[in-house]
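1. The sequence and its predicted three-dimensional model are supplied below.
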Amino acid sequence: MEKGWDKISLNTFRNTQCFTEDKLLPFIQAYLGGYLEGRLEYKATNDFYNNMDYNINSHSWNIKNFKKTKEFFNDVNTYLLDNLGKFDEKYTTDEEKDYYYKIYIFFTQLQGYLRGHNFSVNLSNKINNDDKNMMKELSIADLLIIQADGEIPELLHYFNYKINGKTYRLGQKDYFKNAFDVPEEDPVKAYKRLKWRSRCSAMIKLLKDENGKVSDIFSGHTTWTDYSEIYRVIKQ
């Protein structure tokens, strides 16, 4: 209440040798770390999701597109799970393996977070037994939407893009050409056009020592959004 931020700190066992001795250990650590965080932060997660859900669905044109956004994140979840099962076959270069290895560790942490959140939600509902203030379980798509909250406006416009008084919907013929004036096979350019509607700004600064080696990183972020999203958590 004094700083305007909540704070949570969690530590897991860290051993650089575990990456060579047991490839599974980092995933177990990530899952359990996420589980503990979900158990501890379930009220904050519930409040934030309710605020976000209300803001989006208070505009009738958003409701249908928000459902499509959930479907999109369900597809993301399915895609990640499918590729995780054939990791070595899907990713062949060291660069790909290193990149996606970190992606899947984060994804595993998110799965743990979801399990912990829903456990605490169900436990709280049983203890309080208050039908008017029941908290809801979240799906993996719900949790991914929270993680991508800053990109939700872009996704909503992506599914129902409006410009110069005309509406272009995903799936229509020549959608990318009409909506973004780019060829459909160039998603990078389409994304850059979409980001024109973005609202937030960030600054990242690397600090180097006298030998030119990176020693620290500073970051600053300004959020241009509704008052309902003022509740923030610093995670360590």
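-> Looks like it arrived, so ask away.

2. pull the longest helix from this protein.
-> Secondary structure assigned by DSSP state H gives helix 94-128 as the longest helix of the chain.

3. Give me the buried positions along that one.
-> Within helix 94-128, the residues scored as buried using 16 or more other C-beta atoms under 10 Å are 100, 104, 107-118, 120-121, 124-125. In short, each C-beta sits where N, CA and C put it, glycine included.

4. Setting aside sequence neighbours, what's the nearest residue to residue 117?
-> residue 38 (3.8 Å; C-beta to C-beta, 6 or more residues apart in numbering).

5. isn't that neighbour right next to residue 121, touching?
-> No - judged on C-beta atoms under 8 Å, residue 38 makes no contact with residue 121 at a distance of 9.3 Å.

6. after the lowest-mean-pLDDT helix or strand in the chain comes which helix or strand?
-> Here the helix or strand of the chain ranked lowest by mean pLDDT, DSSP states H and E is helix 18-21, holding a mean of 51. As assigned by DSSP states H and E, the chain's next helix or strand after helix 18-21 is helix 25-40.

7. can you give me the strands in this structure?
-> Assigned by DSSP state E, the strands in the chain fall at 5-8, 160-163, 166-169, 201-208, 214-222, 232-235.

8. Next, name the residue at the spatial heart of this protein.
-> Nearest to the mean C-alpha position of the chain, by C-alpha atoms, centre = their mean, lies residue 147 at 2.1 Å.

9. ok, that residue - contacts?
-> residue 110 (C-beta atoms under 8 Å, 6 or more residues apart in numbering).

10. And the pLDDT for it?
-> Residue 147 is assigned 81 on the pLDDT scale.

11. I'd like the distance between it and residue 74.
-> Using C-beta to C-beta, to the nearest Å, one gets 14 Å for the distance from residue 147 to residue 74.

12. and what of residue 143?
-> 11 Å.

13. Residue 94 now?
-> 31 Å.

14. and if you look at residue 169?
-> Distance, residue 169 to residue 74, using C-beta to C-beta: 20 Å.

15. ok, residue 26 - how many residues close by?
-> 19 (other C-beta atoms under 10 Å).

16. And for residue 44?
-> 14.

17. From what I see, it and residue 6 are in contact.
-> Yes - counting by C-beta under 8 Å, residue 6 is a contact partner of residue 44 at 6.4 Å.

18. Common neighbours of these two, please.
-> 231, 233.

19. Quick check: bridge partners of residue 218?
-> Residue 218 has these beta-bridge partners by DSSP bridges: residue 205.

20. Could you check how far it is from residue 166?
-> 43 Å.

21. Next: residue 91.
-> 41 Å.

22. just residue 211 next, same as before
-> In terms of C-beta to C-beta, residue 211 sits 56 Å off from residue 166.
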